[in-house]
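Just need the structure, nothing else, for what follows:
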Amino acid sequence: MELIQVRVDSETKAAAASLFEALGMDISTAIRSFLKKAIAEGGMPFDMKLDESTLKAIAAVRSMRETSEANGNSKMTLDEINEEIKEVRKARKK
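The predicted structure follows:
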């Protein structure tokens, strides 16, 4: 794997980091995505913008994550979650 270094001013880096975090990725992931898409497209590849529906979806995911962390189940595996669901369903039937 190769290393690419890019120099940008601190304001640009902070703004980009904030934007990409809202899109669910870090700067390195965003740059890798950009490069791969540019190669596939044979030029400048795409616009990634936060429209109203995307902002609502991001807010919903953050809310679910916060609720999960507050309830202490954010680190559960899928098997653990399914087992807990089974137990709750059994308890309801009683």
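
count of neighbours near Ile85?
Residues lying near Ile85 (other CB atoms under 10 Å) number 10. For every residue, glycine as well, the C-beta is placed using N, CA and C.

what's near enough to touch Leu55?
By CB atoms under 8 Å, 6 or more residues apart in numbering, the contact set of Leu55 is Ala22.

how far away is it from Ala22?
Going from Leu55 to Ala22 by CB to CB, to the nearest Å gives 8 Å.

distance of the residue positioned nearest the centre of the chain from Ala14?
By CA atoms, centre = their mean, the chain has its centre lying nearest to Gly24, at 2.5 Å. Counting by CB to CB, the gap from Gly24 to Ala14 is 18 Å.

Hmm, Ala17 is touching Ile27, no?
Yes. Contact status for Ala17 versus Ile27: in contact at 5.7 Å, counting by CB atoms under 8 Å.

anything in contact with each of those two?
Residues touching both Ala17 and Ile27 by CB under 8 Å, 6+ apart: none at all.

what's the burial count for Thr54?
Residue neighbour count, defined by other CB under 10 Å, stands at 13 for Thr54.
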